[in-house]
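Engineer: Sequence and predicted model, in that order:
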Amino acid sequence: MVLVSGSGSNLQALMDAAADAAFGAEIVAVGADRDGIEGLARARRADLPAFVVKVTDHEGREAWDAALHARIAAHRPDLVVSAGFMKILGPRVLGAFPVVNTHPALLPAFPGAHAVRDALAYGVRVTGCTVHLVDAGVDTGPVIAQQAVAVRDGDDEASLHERIKTVERRLLVDVVGRMVRDGWSVTGRHVRLGGGRPAASGAPGGGR
Ligand SMILES: Nc1nc2c(c(=O)[nH]1)N[C@@H](CN(C=O)c1ccc(C(=O)N[C@@H](CCC(=O)O)C(=O)O)cc1)CN2
Ligand SMILES: NCC(=O)N[C@@H]1O[C@H](COP(=O)([O-])[O-])[C@@H](O)[C@H]1O
């Protein structure tokens with residue numbers, strides 16, 4: 001299960017990887033919080049089940065969390081991947097499924113919805129991307145993998161973000177593939193890939 005809110009290039013990378021049986025996973029559905037995005041178009045072109053659960057269609061975040069949980073649960077995913085999904089997930093979803101997120105900065109630096117803009121504004125010379133387990137906080141979950149990307153003179157948000165995405169798509173495919181094939185475990189804030197599926201729970205590292 002992949003959640004998107006935008007162009008879905010990370011989704012496309014996962015779809016391309018999943019076309020090879022050796023990847024060890026299939027994308028069972030794509031969910032979004034808004035209509036009219038390329039990520040949903042990519043899913044529909046590939047005949048993947050796709051759904052939209054909008055916050056504004058529900059009486060508050062708790063109701064949205066419950067509705068999103070129900071739509072995800074219908075597909076019985078082993079893992080949920082947030083790839084450009086721009087809404088903070090609530091306790092119903094996080095308590096039911098392990099969720100992985102990809103973030104365009106080296107967490108804990110520059111959390112939130114505008115990481116690339118914030119890194120440029122700060123003037124860092126190196127940024128990058130982080131794949132992490134998702135918890136109730138905002139980009140505070142245990143880090144699984146990171147990769148650095150140099151900031152170049154003359155970079156703007158678009159050019160830097162595109163360079164980060166080139167790295168991020170490879171990192172996300174590698175991490176998700178290893179998690180679904182080999183499992184993972186979490187000790188405190190430390191994630192180890194391999195060792196088989198974690199015990200059933202939705203908490204980070206809890207698996208299904
Ligand atoms: N419980 C969590 N949910 C999500 C996380 C997370 O770490 N914990 N990561 C995000 C993805 N993300 C950063 O990687 C992120 C996306 C959006 C926001 C944010 O502030 N969203 C606002 C609305 C923004 C909008 O609608 O444009 C909000 O949800 O109110 C912060 C971080 C995926 N979910
Ligand atoms: N804080 C969340 C956030 O900024 N996520 C970022 O949105 C982009 C989605 O690209 P895509 O739609 O082309 O995969 C990705 O770079 C992802 O890290």
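Structural biologist: All right, it came through fine. This one's a predicted model, so the numbers in the text were calculated from it and none came from an experiment. Ligands and ions are numbered 1, 2, ... in the order given.
Engineer: The residue of the chain found nearest ligand 2 - how many residues pack around it?
Structural biologist: With CB to the nearest ligand atom as the measure, residue 84 is the residue of the chain nearest to ligand 2, at 2.6 Å. C-beta coordinates here come from the backbone N, C-alpha and C atoms, glycine included. The local packing of residue 84 (other CB atoms under 10 Å) involves 23 other residues.
Engineer: pretty sure it is touching residue 5, no?
Structural biologist: Yes. Contact status for residue 84 versus residue 5: in contact at 5.6 Å, counting by CB atoms under 8 Å.
Engineer: what residues do those two have in common as contacts?
Structural biologist: When contacts are counted by CB atoms under 8 Å, 6 or more residues apart in numbering, residue 84 and residue 5 are jointly contacted by residue 39.
Engineer: and the closest residue in space to the residue of the chain closest to ligand 2 that isn't next to it in sequence, how many neighbours does it have?
Structural biologist: The shortest distance from residue 84 to any residue that is not its chain neighbour, by CB to CB, 6 or more residues apart in numbering, is 4.7 Å, and that residue is residue 6. A count of nearby residues for residue 6, using other CB under 10 Å, gives 16.
Engineer: Repeat that for residue 37.
Structural biologist: For residue 37, the count of nearby residues is 18 (other CB under 10 Å).
Engineer: Could you tell me the model confidence score at it?
Structural biologist: In this prediction, residue 37 carries a pLDDT score of 98.
Engineer: who are the neighbours in contact with it?
Structural biologist: Applying CB under 8 Å, 6+ apart, we find residue 37 in contact with 4, 5, 6, 7, 8.
Engineer: need the next SSE after the helix ranked longest in the chain, C-terminal direction.
Structural biologist: Using DSSP state H, we find that the single longest helix of the chain is helix 157-182. Read in the C-terminal direction, the helix or strand following helix 157-182 is strand 184-187, with elements assigned using DSSP states H and E.
Engineer: Show me what that following strand is packed against.
Structural biologist: Taking 3 or more CB pairs under 8 Å, 6 or more residues apart in numbering; DSSP states H and E as the contact definition, the neighbouring helices and strands of strand 184-187 are strand 190-193.
Engineer: Direction included, what does the strand it packs on pair against?
Structural biologist: Strand 190-193 pairs in its sheet with strand 184-187 (antiparallel), by DSSP bridges.
Engineer: returning to what we had before: using JSON lines, please lay out the contacts of residue 37 together with pLDDT and distance to residue 77.
Structural biologist: Shown next, in JSON lines, are those (pLDDT from 0 to 100; distance: CB to CB, whole Å):
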{"residue": "4", "pLDDT": "97", "distance to residue 77": "14"}
{"residue": "5", "pLDDT": "96", "distance to residue 77": "18"}
{"residue": "6", "pLDDT": "95", "distance to residue 77": "20"}
{"residue": "7", "pLDDT": "96", "distance to residue 77": "22"}
{"residue": "8", "pLDDT": "97", "distance to residue 77": "17"}
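Engineer: follow-up on the earlier one: how close does the residue of the chain closest to ligand 2 sit to ligand 1?
Structural biologist: Taking CB to the nearest ligand atom, to the nearest Å as the criterion, residue 84 is separated from ligand 1 by 8 Å.
Engineer: Many thanks, I have nothing further to ask.
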